[in-house]
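A.B. asks: After the sequence you'll find the predicted model.
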Amino acid sequence: MTSSEGSADTPEIPPERRLPVPAPDRKLTIPAERLAGSNQCLNCGTTLQGPFCHFCGQPDKNLMRFFPALLREMLEDFMDFDSRFVRTLKPLLFRPGKLTRDYLDGRRFRYVPPLRLYIFSSLAFFFLAALLASNAIDVRTELDDFDAAMTELAEVNPEAAERAARQVEQAQSGADAAARAAPDETTKPEQPGFPETPDFNFNGEPWDRETNPLVVAWLPGWANDRINDEIADSPRKGREIAENPNLITEKMLDVLPATMFVLLPLVALLFKFWYLFSKKYYVEHLIFALHNHAFIFALAVILLLTGALAAWREPSGEGLLTSLSEILRVVAWTWIPLYLLISLKRVYRQGWGMTLLKYSAIGVSYLVLLTFTTVVVAVTSFVLL
């Protein structure tokens, strides 16, 4: 039987049984004015059957046009990304596990990719945290308290405030004269708690860089030298941190983004271990970890913004914005553990009993890993000072 005979014998599908052809999704096509009108892909030469090459994926777009048209197209592409971001934000915050479930089921184009979402949310959080870090530590001095007391006294009794101010000026003049008469000292006074030399014992004797250094047998010589250098330099760093606590905070914010990015594969390994028999690939656990961490970072950004807005508009700490910020913080800290539990149930599709058991085991494992990571970040930040 020839192919023509075979095609002739093939029964036709009656019109009433034919499935309707779906209309093309405009988000998956290219408008006609953007097309280059090529019959073949300009990159690999494959015959085109649509606006995208089915072999190499290059779109049949005409880039040789007037610059205003290209600029308008770039803005449209940006607005399309912005709309994808908006479509992603709602399920990310309010529908636990939906992004991961849709991504694993193939519904991916409508959302921002997991890695890009994680990078964007984490960078936004760390940038905002670094921006607000200088105001996060409130360092008050006795002079600040004195100025506040003088302001209050001036409001109640201006004459008494003026007399107190004159007495302070006289005392300050006397102190300045005594300081000028005193001999110059080349060394600064030692700050309490931070001696000039390290107060560290090794082998039952005080540490000394030359006579009694710290030596770890299984470490190479350069590593032992670096450890002893850090011990010798620790008093200076301690004094600098005491004078400006923001130093260690800023350094930790520099180290944390890279550390959290390295931590993600380890978190995915935790899911892989506790769901060893779920027949899921490692990358599926990684996508789940990316989405959950992006949720935490996005929620943290919202909390930082609302807290900063409340502190700016209501510096006294009392008012509607401050109350709303506190309520939002309580709701967020309640929603985070519930979100993670529901997302675990929705993505891995096990019963509630098994999900609660594994949720507890993963939570303990994650806390141990996070504690170890925090210690590493703190030590690294101190070393890098």
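C.D. replies: Looks like it came in fine.
A.B. asks: How about Val383, nearest residue that isn't a chain neighbour?
C.D. replies: Counting by Cβ to Cβ, 6 or more residues apart in numbering, Val383 lies nearest to Glu230, which is 5.9 Å off, once chain neighbours are set aside. In short, each C-beta sits where N, CA and C put it, glycine included.
A.B. asks: surely that neighbour meets Leu384?
C.D. replies: No. Applying Cβ atoms under 8 Å, one finds Glu230 not in contact with Leu384, separated by 10.4 Å.
A.B. asks: For the residue nearest to Val383, pull up the helix or strand it's in.
C.D. replies: For Glu230, the element it lies in under DSSP states H and E is helix 221-243.
A.B. asks: The helix or strand following that helix to helix 221-243, inter-axis angle?
C.D. replies: The helix or strand immediately downstream of helix 221-243 is helix 246-274, counting by DSSP H and E. Here the directions of helix 246-274 and helix 221-243 differ by 120 degrees (axes from the mean of the first three to the mean of the last three Cα atoms, to 10 degrees).
A.B. asks: Now do the SS call for Glu318.
C.D. replies: Assigned with DSSP: H, G, I helix; E, B strand; the rest coil, Glu318 falls in the coil class.
A.B. asks: shaky segments in this structure?
C.D. replies: 1-34, 63-66, 69-70, 72-82, 134-200, 202 (pLDDT under 70).
A.B. asks: Now do the domain split for it, please.
C.D. replies: Domain assignment for the chain by automatic domain parsing gives 115-138+245-384, 140-184.
A.B. asks: Present the ones you listed as CSV; the columns should include mean neighbour count.
C.D. replies: Supplementary listing: the domains of the chain in CSV, determined by neighbours: other Cβ atoms under 10 Å:
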stretch, mean neighbour count
domain 115-138+245-384, 16
domain 140-184, 10
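A.B. asks: Mind jotting down where the helices sit in the chain?
C.D. replies: Using DSSP state H, the helices of the chain run over 3-9, 67-94, 98-104, 114-136, 142-156, 158-181, 221-243, 246-274, 282-313, 320-348, 352-384.
A.B. asks: Counting neighbours, what do you get for Gln49?
C.D. replies: 8 (other Cβ atoms under 10 Å).
A.B. asks: measure it to Pro59 for me?
C.D. replies: To Pro59, Gln49 is 13 Å away according to Cβ to Cβ, to the nearest Å.
A.B. asks: what residues do those two have in common as contacts?
C.D. replies: Common contact partners of Gln49 and Pro59 (Cβ atoms under 8 Å, 6 or more residues apart in numbering): none.
A.B. asks: For Ala36, find the nearest of the helices of the chain.
C.D. replies: Ala36 lies closest to helix 67-94 among those, at 13.4 Å (Cβ to Cβ).
A.B. asks: So which bits of the helix holding Glu230 are buried?
C.D. replies: 227-228, 230-232, 234-235, 237-239, 241 (16 or more other Cβ atoms under 10 Å).
A.B. asks: now that helix against helix 352-384, angle please.
C.D. replies: 90 degrees.
A.B. asks: Asn203 is nearest to which of the domains of the chain?
C.D. replies: Of all these, domain 115-138+245-384 comes closest under Cβ to Cβ, at 22.6 Å.
A.B. asks: Quick one: end-to-end distance for the closest one.
C.D. replies: 28 Å (Cα to Cα, to the nearest Å).
A.B. asks: Same check on stretch 272-287?
C.D. replies: 12 Å.
A.B. asks: Over to stretch 241-251?
C.D. replies: 11 Å.
A.B. asks: Same check on stretch 42-62?
C.D. replies: Per Cα to Cα, stretch 42-62 runs 11 Å from first to last residue.
A.B. asks: buried residues in it?
C.D. replies: For stretch 42-62, by 16+ other Cβ under 10 Å, it's 48, 51-53, 59-61.
A.B. asks: Which of those lies at the shortest distance from Asp208?
C.D. replies: Nearest to Asp208 out of these is Pro59 (Cβ to Cβ; 68.9 Å).
A.B. asks: partner residues bridging the closest one?
C.D. replies: Listed by DSSP bridges, the beta-bridge partners for Pro59 are Phe52.
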